[in-house]
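In: Provided below for reference: sequence and predicted model.
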Amino acid sequence: MKVIIIGNGIGGVMVASKLRTQEPDPAKLEIDIYTREAFEYYSRIRLPEICATQMSAEDLEVYKPEWYKKKNIQVFKNQEVVKIDRATKQLLLKGGKQEKYDKLVLAMGSDSFKLPIKNGELDGIFTIREYGDADTIRRYITAGTKHAIVIGGGLLGLEAARNLRKAKIETLTIIEIFPRLLPRQLDEEGARILKKIIERLGCTIILGAQVAEFTGDRRVKGLRLKDGRELPAETVLISAGIKPRIALAKEAGLTVNKGIVVDDHLRTNDKDIFVAGDLVEFQGIVWGIIPAALDHAPIIANNILGKDHVTYKQTIPQNTLKVVGINLTSMGKVTFDDGHENEYMIIKKTDDTKERYEKYVVKDGKLVGSILLGSKDNLSWLTQKIGKDITEKEIKDRLMW
């Protein structure tokens with residue numbers, strides 16, 4: 001059997017690894033990965049570190065070339081797939097070459113969402129999704145940037161801001177359209193404490209604000225907010241979410257919506273094509289997070305190798321802020337902007353002096369969500385308990401700090 005995986009991110013490479021674990025014999029299972037990038041799998045969540053350091057893509061590599069060789073996994077770099085011919089089970093590569101497959105895994109990941117802001121084509125305005133993006137930002141930062149702005153107070157935006165702050169710039173401003181940071185991962189109380197911590201790191205934070213336009217001639221010089229305020233900036237990073245790369249699948253006639261629609265085997269409407277990582281849309285949800293990609297890999301490997309009884313259960317979202325000196329983990333259901341808060345039991349504790357906050361959300365006797373900010377003390381316990389039965393006493397016993 002020949003399995004081709006399109007994409008060298010965590011979703012694709014983990015599928016390859018799980019396949020090889022289950023079938024070690026390369027004579028029985030050939031595994032090929034095709035990527036448009038020039039690198040093996042590297043840690044994309046560490047890309048912001050590139051912006052203010054001399055690190056290279058090799059420094060971010062998760063597995064060295066020897067790992068692929070030992071596992072008999074072929075990686076074809078600088079090889080972009082431009083068409084899927086489902087009828088003949090062939091891929092067309094940029095340049096005209098064709099490759100046949102028995103099973104195909106789509107793991108191309110996603111692009112950064114580009115906000116429709118006036119003058120957004122000016123030089124010095126960036127998104128960050130691949131190594132080349134981070135490398136270009138680094139060159140701009142070191143070529144005279146005094147004022148940098150990050151648009152978006154989500155996970156990647158905050159991590160990027162912290163790393164940009166290490167550069168020799170005068171000001172770093174974070175602009176968030178929502179009235180709090182990390183609106184998907186934090187409630188108002190947690191976001192309030194996090195804002196204090198981030199500001200102490202040397203960042204200015206503007207909440208509840210929208211950008212009306214960028215200013216400058218060829219290169220960005222600043223921006224104007226919709227309330228009329230103007231801010232200087234020679235470098236702007238937009239971190240406003242992701243957009244799954246579904247064009248290839250759509251052209252091939254696969255069912256797509258926000259992502260590529262799959263069943264509980266992570267299979268598309270073509271029985272020989274599976275989906276992993278950011279592209280997966282299951283039960284109407286596109287997670288776009290690492291825990292989901294890790295959940296997908298063993299399911300796909302099992303199903304490709306004929307173990308159809310293995311099915312995917314919806315991922316419990318888990319996010320951890322990687323900013324140095326900040327301990328923050330958010331799991332499951334923690335916000336109630338859409339209402340229905342009275343359907344849950346919520347237990348929480350705040351200590352402003354310690355800048356510590358913990359929140360536990362319970363429904364029908366099960367722990368369905370939690371926020372841990374300021375300490376890792378209960379992280380191991382939380383990881384074991386999430387999604388399982390729990391009592392109010394068990395939670396309150398953990399809140400003795």
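Out: Alright, I've got the coordinates.

In: Show me what the helix or strand containing Leu248 is packed up against.
Out: Using DSSP states H and E, Leu248 sits within helix 247-251. Under the contact definition 3 or more C-beta pairs under 8 Å, 6 or more residues apart in numbering; DSSP states H and E, helix 247-251 sits against strand 81-85. All C-beta atoms are positioned from the backbone trio N, CA, C, and that covers glycine.

In: For the strand it packs on, give the mean pLDDT please.
Out: Across strand 81-85, pLDDT averages out at 98.

In: what do you get for stretch 243-259?
Out: 98.

In: quick one: contacts of it?
Out: Residues outside stretch 243-259 that contact it (C-beta atoms under 8 Å, 6 or more residues apart in numbering): 6, 81-86, 106, 108-113, 260-261, 268-270, 273, 275, 278-281, 284, 286, 288.

In: one step back: next secondary structure after the helix holding Leu248?
Out: strand 260-261.

In: other SSEs contacting that next one?
Out: strand 280-281.

In: Give me the distance between the strand it packs on and the centre of its chain.
Out: 14 Å (C-alpha atoms, centre = their mean, to the nearest Å).

In: Give me the buried subset of the contacts of stretch 243-259.
Out: Buried members of those, scored by 16 or more other C-beta atoms under 10 Å, are 6, 81, 84, 106, 108-110, 112, 260-261, 268, 270, 273, 275, 278-281, 286, 288.

In: For Asp278, what are phi and psi?
Out: phi -60, psi -20 (degrees, to the nearest 10).

In: SS state for Lys243?
Out: Judged by DSSP: H, G, I helix; E, B strand; the rest coil, the three-state class of Lys243 is strand.

In: Spatially central, which residue of the protein would that be?
Out: The centre of the chain sits closest to Ile289, judged by C-alpha atoms, centre = their mean, with a distance of 4.4 Å.

In: so what pLDDT did the closest residue to it other than its chain neighbours get?
Out: Leaving aside its sequence neighbours, Ile289 sits nearest to Pro317 (C-beta to C-beta, 6 or more residues apart in numbering; 6.0 Å). The confidence metric pLDDT takes the value 87 at Pro317.

In: Please apply the same query to the one 5 residues further on.
Out: We have a pLDDT of 74 for Lys322.

In: Over to Asp308?
Out: For Asp308, pLDDT reads 67.

In: show me where the chain has helices.
Out: Along the chain, counting by DSSP state H, helices occupy 10-22, 65-70, 131-141, 155-164, 188-200, 247-251, 290-304, 379-385, 392-398.

In: possible to save those as JSON lines with mean neighbour count and distance to Gly95?
Out: Shown next, in JSON lines, are those (neighbours: other C-beta atoms under 10 Å; distance: least, C-beta to C-beta, whole Å):
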{"stretch": "helix 10-22", "mean neighbour count": "23", "distance to Gly95": "21"}
{"stretch": "helix 65-70", "mean neighbour count": "12", "distance to Gly95": "22"}
{"stretch": "helix 131-141", "mean neighbour count": "19", "distance to Gly95": "20"}
{"stretch": "helix 155-164", "mean neighbour count": "25", "distance to Gly95": "32"}
{"stretch": "helix 188-200", "mean neighbour count": "18", "distance to Gly95": "46"}
{"stretch": "helix 247-251", "mean neighbour count": "16", "distance to Gly95": "16"}
{"stretch": "helix 290-304", "mean neighbour count": "22", "distance to Gly95": "28"}
{"stretch": "helix 379-385", "mean neighbour count": "14", "distance to Gly95": "46"}
{"stretch": "helix 392-398", "mean neighbour count": "13", "distance to Gly95": "57"}
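
In: among those, which is nearest Phe214?
Out: For those, the distance to Phe214 is smallest for helix 131-141, at 14.3 Å, taking C-beta to C-beta.

In: Put the alpha carbons of the closest one into CSV.
Out: The C-alpha trace of helix 131-141 is given here as CSV (Å, rounded to 0.1, in the frame of the first residue of the first chain):
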residue,chain,number,x,y,z
TYR,A,131,9.2,30.0,8.6
GLY,A,132,9.5,32.4,5.6
ASP,A,133,7.0,34.8,7.3
ALA,A,134,8.9,34.9,10.5
ASP,A,135,12.2,35.4,8.7
THR,A,136,10.9,38.3,6.7
ILE,A,137,9.5,40.0,9.9
ARG,A,138,12.9,39.6,11.5
ARG,A,139,14.6,41.5,8.7
TYR,A,140,12.1,44.3,9.0
ILE,A,141,12.4,44.5,12.7
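
In: starting at the chain centroid, how far to that helix?
Out: 19 Å.

In: Residues contacting it, please?
Out: So helix 131-141 is contacted by 37, 39, 42, 47-48, 50-53, 57, 60, 124, 126-128, 148, 164, 167, 169, 234-235, 237 (C-beta under 8 Å, 6+ apart).

In: Could you pick out the buried ones from those?
Out: 37, 39, 42, 47-48, 50-52, 57, 60, 124, 126-128, 148, 164, 167, 169, 234-235, 237.

In: Narrow these to those in strands?
Out: Per DSSP state E, strands hold the following members of these: Phe126, Ala148, Thr235, Leu237.

In: Identify the farthest-apart pair in these.
Out: Phe126 and Ala148 (10.3 Å).

In: circling back: please convert the helices of the chain to a markdown table, extending it with distance to Lys28.
Out: Output for the helices of the chain, formatted as a markdown table (distance: least, C-beta to C-beta, whole Å):
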| stretch | distance to Lys28 |
| --- | --- |
| helix 10-22 | 11 |
| helix 65-70 | 17 |
| helix 131-141 | 34 |
| helix 155-164 | 40 |
| helix 188-200 | 50 |
| helix 247-251 | 28 |
| helix 290-304 | 12 |
| helix 379-385 | 36 |
| helix 392-398 | 48 |
